[in-house]
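[1] have a look; sequence and predicted model below, questions after that.
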Amino acid sequence: MSHRIPVTVLGATGVVGQRFVRRLADHPLFRIEHLAASDRSAGKRYREACAWRLDGEPYGGLGDQVMGEGAPEHTLSPVVFSALDTGPATELEPAFARAGALVFSNASAFRMAPEVPLLVPEVNPEHLELLKVQRTHHGWSGGIVTNANCTATVLVMALAPLHAAFGVEAVLMTSMQAVSGAGYPGVPSLDILGNVIPFIRNEEPKVEEEIPKMLGRFAGRTVTPADLAVSALCHRVPVLEGHTEAVSVRLRGNPTLEDVRAAWLDWHPEPQHLGLPSAPAVPIRLHDEEDRPQVRRDVELDDGMSIHIGRLRACPVLGVKFALLGHNTERGAAGGSILNAELAHAKGYLR
Ligand SMILES: NC(=O)C1=CN([C@@H]2O[C@H](COP(=O)(O)OP(=O)(O)OC[C@H]3O[C@@H](n4cnc5c(N)ncnc54)[C@H](OP(=O)(O)O)[C@@H]3O)[C@@H](O)[C@H]2O)C=CC1
Ligand SMILES: N[C@@H](CC(=O)OP(=O)(O)O)C(=O)O
């Protein structure tokens, strides 16, 4: 496996960063060269810089690796996975791209920049070509590819087959989001235990603007956002991992529930055709039981990379409604970013 591409993980101490490290520990295409986070962590061994919070081999076997300074002069690799907070990402991600790295980012800093792909490989693989526009625009040899907000990622995977088959006109989505979405230490236990908090800062506008970009049409140089209305109502609930979403949609032509179900079942997107290592065999798992999907029973299936849909039924207001579930820190973060990098590799952007 010596030909694996060296990578840097920025933000390696955090909730998402640790998941990157676990996934990359035995990845067939990538190997971790550098670990970095803030100045607080630089110079420490990885095991001293943070407490490992995941199952599996602690620290991905890299507990003794000394953490570097998160700047391209110190920790440049051809591929950079960024699990940085948005503030430091705004400065550091372009610095790494300028220095020649292809940065796969989880942060929201550049998601809506017109020249930056906002990528979910099953949904809009062609948007990756924006990298060429980006490189010309900035004169970079590297680049930035972002994944979407975790709530938006799960939602867009459910909407994409419906948009392709019928056209989505309107979406109303109410989320119940896990505490891991707020990073570590996140929401204080005294605030969230036995409680529901009907506010997550900036979450609703992110979902409402990211969905049309991802479903938008790429015409060689730009993405024209899809013409659909999205309304998001976001809530924090006392769940560890997994965002549940109650979704109502209005589709063109008022298809039947059977047509909707067939559109999901007939969806065979590009990552599955390409056999990308992190692509789940079945990206959408449909549940027929009356009380599924459930976080505790379903969200870890397929290493957290598939989404789950159940309770499909008629909506008297918008036409169709269903329950949706996805893993916020895997599909919605680390796993999604690594899948983006696998797609870039398959398309020849990485050697
Ligand atoms: N959690 C989730 O479900 C999702 C998160 N994201 C995004 O991923 C990113 C990481 O989130 P998450 O892991 O939850 O957050 P955490 O708060 O758990 O981790 C933040 C990471 O950023 C590092 N960091 C903080 N300040 C700086 C700085 N000034 N310079 C360099 N590094 C710094 C921290 O390092 P140190 O330990 O040294 O302080 C830590 O490694 C965020 O942009 C978030 O919005 C995206 C989708 C889903
Ligand atoms: N805000 C999301 C997680 C997140 O970090 O989103 P974003 O990457 O858009 O900042 C949540 O709290 O569940």
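    Nice, I can see it. Ligands and ions are numbered 1, 2, ... in the order given.
[2] contact partners for residue 328?
    Applying C-beta atoms under 8 Å, 6 or more residues apart in numbering to residue 328 gives the contacts 150, 151, 154, 177, 178, 180, 181, 241, 242, 243. Where you see a C-beta, it was placed from the backbone N, CA and C, and this is true even at glycine.
[3] next one: residue 244
    By C-beta under 8 Å, 6+ apart, residue 244 lies in contact with 175, 176, 237, 293, 295, 323, 324, 325.
[4] give me the distance from the helix or strand where it lies to the chain's centre.
    Under the criterion DSSP states H and E, the helix or strand holding residue 244 is strand 243-251. Put simply, strand 243-251 sits 18 Å off its chain's centre (C-alpha atoms, centre = their mean, to the nearest Å).
[5] can you point out the buried residues in that strand?
    Within strand 243-251, the residues scored as buried using 16 or more other C-beta atoms under 10 Å are 243, 244, 245, 247, 248, 249, 250, 251.
[6] also stretch 5-25?
    Neighbour-count burial for stretch 5-25, with 16+ other C-beta under 10 Å as criterion, is recorded at 5, 7-24.
[7] CA atoms only: put stretch 323-333 into CSV for me.
    Only the C-alpha atoms of stretch 323-333 are listed here, as CSV (Å, rounded to 0.1, in the frame of the first residue of the first chain):
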residue,chain,number,x,y,z
ALA,A,323,-39.3,10.3,7.6
LEU,A,324,-35.6,10.6,6.8
LEU,A,325,-32.5,9.7,8.8
GLY,A,326,-28.7,10.1,8.2
HIS,A,327,-25.4,10.0,10.0
ASN,A,328,-24.3,13.6,10.6
THR,A,329,-20.7,13.0,11.4
GLU,A,330,-20.1,10.2,8.8
ARG,A,331,-22.2,10.8,5.7
GLY,A,332,-22.7,14.4,6.7
ALA,A,333,-19.0,15.1,7.5
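[8] what does the stretch 251-351 of the chain put close to ligand 1?
    Listed as neighbours of ligand 1 in the stretch 251-351 of the chain under the rule C-beta under 6 Å from any ligand atom: 328, 329, 332, 333.
[9] what segments of the stretch 51-200 of the chain are strands?
    When secondary structure is read from DSSP state E, counting those that start in this stretch, the stretch 51-200 of the chain shows strands at 68-69, 79-82, 102-105, 143-146, 168-176.
[10] tabulate the ones you listed in a markdown table, adding columns for mean neighbour count and mean pLDDT.
    Shown next, in a markdown table, are these (neighbours: other C-beta atoms under 10 Å; pLDDT from 0 to 100):
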| stretch | mean neighbour count | mean pLDDT |
| --- | --- | --- |
| strand 68-69 | 18 | 96 |
| strand 79-82 | 28 | 98 |
| strand 102-105 | 28 | 98 |
| strand 143-146 | 27 | 98 |
| strand 168-176 | 20 | 98 |
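[11] and of the ones you listed, who's closest to ligand 2?
    Of all these, it is strand 168-176 that lies closest to ligand 2, at 8.2 Å by C-beta to the nearest ligand atom.
[12] quick one: that closest one near ligand 2?
    No - applying C-beta under 6 Å from any ligand atom, one finds strand 168-176 separated from ligand 2 by no less than 8.2 Å.
[13] quick check, residue 215 in contact with residue 168.
    Yes - with contact defined as C-beta atoms under 8 Å, residue 215 reaches residue 168; the gap is 7.3 Å.
[14] so what sits against both of these two?
    159, 226, 228.
[15] quick one: contacts for the closest residue to ligand 1 within the stretch 1-150 of the chain?
    Closest to ligand 1 within the stretch 1-150 of the chain is residue 14: 2.1 Å, counting by C-beta to the nearest ligand atom. By C-beta under 8 Å, 6+ apart, the residues touching residue 14 are 37, 50, 83, 183, 184.
[16] tell me the most packed of these, by neighbour count.
    For these, the largest number of neighbours (other C-beta atoms under 10 Å) sits with residue 83, at 28 neighbours.
[17] paired strands for the strand holding residue 244, with orientation please.
    Here strand 243-251 is paired, per DSSP bridges, with strand 168-176 (antiparallel), strand 319-326 (antiparallel).
[18] show me what counts as buried in the host helix or strand of residue 230.
    Using DSSP H and E, the element containing residue 230 is strand 229-233. Within strand 229-233, the residues that count as buried by 16+ other C-beta under 10 Å are 230, 232.
[19] contact residues of the stretch 51-200 of the chain facing ligand 1?
    70, 83-86, 88-89, 106-108, 150, 180-181, 183-184.
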